[in-house]
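In: How does the following fold in three dimensions:
(chains A and B)
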Amino acid sequence: MLKTRFAPSPSGFLHIGSVRTALFSFLHASHHQGSFVLRIEDTDEARSSKQSIDAILEGMQWLGLKWDEGPFYQSQRYDRYRDLANHLISEGKAYRCYCSKSDLTKLREEQIAQGKNPGYDGRCRDRIEPEPGIDPVIRFRTPDVGDVSVNDLVRGLVKIDNEMLDDLIIMRADGVPTFHFAVVVDDSDMGITHVIRGDDHLSNTAKHLHIIEALGFDRPQFAHLPMILGEDGVRLSKRHGALNVLDYRQQGFLPAAVLNYLARLGWSSGDQEIFSLEQLIKLFDVSDVNASAAKFDPDKLLWLNQQYILSSDPENLLPGLIDQFESLGMDIKNGPNPIDVIISFRERAQTLRDMAASAAYLYTDEIELEAAAAKKHLRPAVKEFLQIARDRFVNLELWEAEVIRKEVQSVAEQHEINFGKIGQPLRVAVTGGGVSPPIDLTLELVGQARSISRLDKALSYIEQRIASA
RNA sequence: GCUCCCUUCGUCUAGCGGUAAGGACGCGGCCCUCUCAAGGCUGAAACACGGGUUCGAUUCCCGUAGGGAGCACCA
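Out: Residues are numbered from 1 along each chain as shown, chains lettered A, B, ... in the order given. Okay, here's the model as predicted:
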């Protein structure tokens, strides 16, 4: 069975670049009815943390990237790595190295000074006697000559000379394996058939291939994904521009939009832009992924998010919108049904956060008039019309958009003015600003009592203007 | 420095030897319109450069340039 894995190290949040790697691994496995494994690479004990693990799991769950096996933790498999490392020593394929860090630093400095490729020179290879008082590391005996090649699913044939490789450390002095060793062992033990990862590992693959061979394991297939670059063309990383996936949730993005956006970075299917997860599973294959890096475009993500908001069932948007109301400190009991907000605001919201923020005037008793909008639309000339509209609103028994619209329309007709002449002042009066859904709908959502009291305030604002003129 | 990888509109991409180089985001215009959007139509906008191969190169090969990655007791 085809099996892929996502193997993050829990040394920080789950960022958007990692998510794409996870997505592609998930999609490739799902497409081929395979299995998707989640493995936590926590061998760097100093940098790993429980919070990071939780953030990764939460992010995966939010996105709906379900794993079939795991999460497995490397920190729970140390015995296995140790056994295999000792086995390699017994076969002469690895050896203990007693060099101190300062010796190694010195060696590296000398090599760089001589213009050589820095690397371990193998000075402990033939050492028989242990060095008392020193905990040795275990190094893998890398072939000195020849080359290795990988037929990468996205990069094609890549060849690396063994001369470029040195005897890398596979077990640290404290008995903890290094990444290069643990990855190889785990991928084999867990039956991973397709290793899909970032292309920062492309060069490392040569090392892994040697270890795989020494251990007598089967080679998996490799697919190295191009990096995602920031707007400045520099690789996205936790330190540089990449956001925690959970920040996207906080900013009001939908998981489906984030996934769809990421899928289209380095992959496409004809001219199609919008893909459901089901469609992605049906269409995706890693071998179709591009080899070149892509820049992250926040504008396109925003556009996609709006497309998803527009086409989602309002019920499905509700929990996210309510979260936004809460985080903005808005009280949903103090205003209209949020479902109605979704229906009337979705065309003008790119994120759920935008939507919640722009509906603020629906959930508060008092609003502020925006100075510029008020100055422009609440002028003495409109006072008469606003007053008439206000008086008619008081007498309305049914406060519904259609009825409201007829009232406003008839005021406009009786006074032979354009609908807009009265619509815009009404909008500013009841929302405080110049932008909102159609005025009839807006008035309905604001509510009769609030609309009237806000009109009263607007009228007194105009009177003040007349008085001070 | 050494090694590996990458290179089509500003951005994401289609293209797989012969195309008016297509789509999407963004940008401009028009339409719709009570505002803002959404929607429709439309415009500007690209094959990094130099050599080959070929009747013919965006497409294949080799350089150059630019960008990215790796060379840790990090992953």
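
In: Show me where chain A has its strands.
Out: Ranges of strands in chain A, per DSSP state E, are A:3-6, A:35-40, A:69-73, A:94-97, A:137-140, A:147-152, A:156-161, A:169-171, A:194-198, A:221-225, A:228-229, A:294-295.

In: Quick check: which of these is buried the most?
Out: Here the criterion is mean neighbour count by mean count of other CB atoms under 10 Å, and of these the winner is strand A:3-6, at a mean of 26. Heads up, the C-betas are built off the backbone N, CA and C, glycines and all.

In: Put the alpha carbons of that one into CSV.
Out: Extracted C-alpha coordinates of strand A:3-6, given in CSV (Å, rounded to 0.1, in the frame of the first residue of the first chain):
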residue,chain,number,x,y,z
LYS,A,3,2.1,5.4,2.3
THR,A,4,3.2,9.0,2.9
ARG,A,5,4.0,10.9,6.0
PHE,A,6,4.2,14.4,7.4
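
In: close to RNA strand B, is that strand?
Out: No. Using CB under 7 Å from any atom of the strand, we find that strand A:3-6 stays clear of RNA strand B, coming within 11.4 Å at best.

In: Show me which positions of stretch A:116-132 end up buried.
Out: A:119-120, A:124 (16 or more other CB atoms under 10 Å).

In: A:Leu304 is nearest to which of the strands of chain A?
Out: For A:Leu304, the closest of these is strand A:294-295, at 14.7 Å, according to CB to CB.

In: rewinding a little: reformat the strands of chain A as a markdown table; add mean pLDDT.
Out: Shown next, in a markdown table, are these (pLDDT from 0 to 100):
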| stretch | mean pLDDT |
| --- | --- |
| strand A:3-6 | 97 |
| strand A:35-40 | 97 |
| strand A:69-73 | 94 |
| strand A:94-97 | 93 |
| strand A:137-140 | 95 |
| strand A:147-152 | 92 |
| strand A:156-161 | 91 |
| strand A:169-171 | 95 |
| strand A:194-198 | 96 |
| strand A:221-225 | 96 |
| strand A:228-229 | 90 |
| strand A:294-295 | 94 |
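
In: would JSON lines of these with distance to A:Glu402 be doable?
Out: As requested, the strands of chain A are exported to JSON lines (distance: least, CB to CB, whole Å):
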{"stretch": "strand A:3-6", "distance to A:Glu402": "52"}
{"stretch": "strand A:35-40", "distance to A:Glu402": "51"}
{"stretch": "strand A:69-73", "distance to A:Glu402": "55"}
{"stretch": "strand A:94-97", "distance to A:Glu402": "81"}
{"stretch": "strand A:137-140", "distance to A:Glu402": "77"}
{"stretch": "strand A:147-152", "distance to A:Glu402": "62"}
{"stretch": "strand A:156-161", "distance to A:Glu402": "63"}
{"stretch": "strand A:169-171", "distance to A:Glu402": "75"}
{"stretch": "strand A:194-198", "distance to A:Glu402": "55"}
{"stretch": "strand A:221-225", "distance to A:Glu402": "53"}
{"stretch": "strand A:228-229", "distance to A:Glu402": "49"}
{"stretch": "strand A:294-295", "distance to A:Glu402": "48"}
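
In: right, and out of the buried residues of stretch A:116-132, which lies closest to A:Ser100?
Out: Proximity of the buried residues of stretch A:116-132 to A:Ser100 (CB to CB) peaks at A:Cys124, which lies at 11.3 Å.

In: quick one: the closest residue to the closest one other than its chain neighbours and RNA strand B, what's the gap?
Out: The shortest distance from A:Cys124 to any non-neighbouring residue, by CB to CB, 6 or more residues apart in numbering, is to A:Cys97 (4.1 Å). To RNA strand B, A:Cys97 is 8 Å away according to CB to the nearest atom of the strand, to the nearest Å.

In: Does the helix ranked longest in chain A reach RNA strand B?
Out: In chain A, taking DSSP state H as the definition, the longest helix is helix A:448-468. No. Judged by CB under 7 Å from any atom of the strand, helix A:448-468 stays clear of RNA strand B, getting no closer than 13.9 Å.
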